[in-house]
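# no FASTA, just this:
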């Protein structure tokens, strides 16, 4: 994407869309010579995409770290209940 005015704000992209756009920018740099004006715009966009993706990954990691112990506790309760039912039989 070379026209920054047409670019969707990174926070409005899904994770997959942002990742694909970043891959596209990387491929753009790898496959051709780039005009300096285009280079700066693409680097700015790539930086914004990387920052957004990093923030989302950090938020997701925090959510997972919060939820896993809760799931473990629930699994322990379910397993304990199932074991108690077997003992009654």
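Received it, and whenever you're ready, just let me know what you need. Bear in mind that the values here come from a model prediction, so they are computed numbers and not experimental data.
# same for the helix or strand bottoming out on mean pLDDT in the chain, what does it pack against?
Lowest on mean pLDDT, DSSP states H and E among the helices and strands of the chain sits helix 36-88, with a mean of 88. Here helix 36-88 touches helix 15-31, going by 3 or more Cβ pairs under 8 Å, 6 or more residues apart in numbering; DSSP states H and E. For the C-beta atoms, the positions are set from N, CA and C on the backbone; glycine is no exception.
# Now find how far off-centre the helix it packs on is within its chain.
From the chain centre to the centre of helix 15-31 is a distance of 14 Å (Cα atoms, centre = their mean, to the nearest Å).
# Counting by contacts, list what that helix packs against.
In this structure, helix 15-31 packs against helix 36-88, with contacts taken as 3+ Cβ pairs under 8 Å, 6+ apart.
# Between helix 15-31 and the helix it packs on, find me the angle.
Here the directions of helix 36-88 and helix 15-31 differ by 140 degrees (axes from the mean of the first three to the mean of the last three Cα atoms, to 10 degrees).
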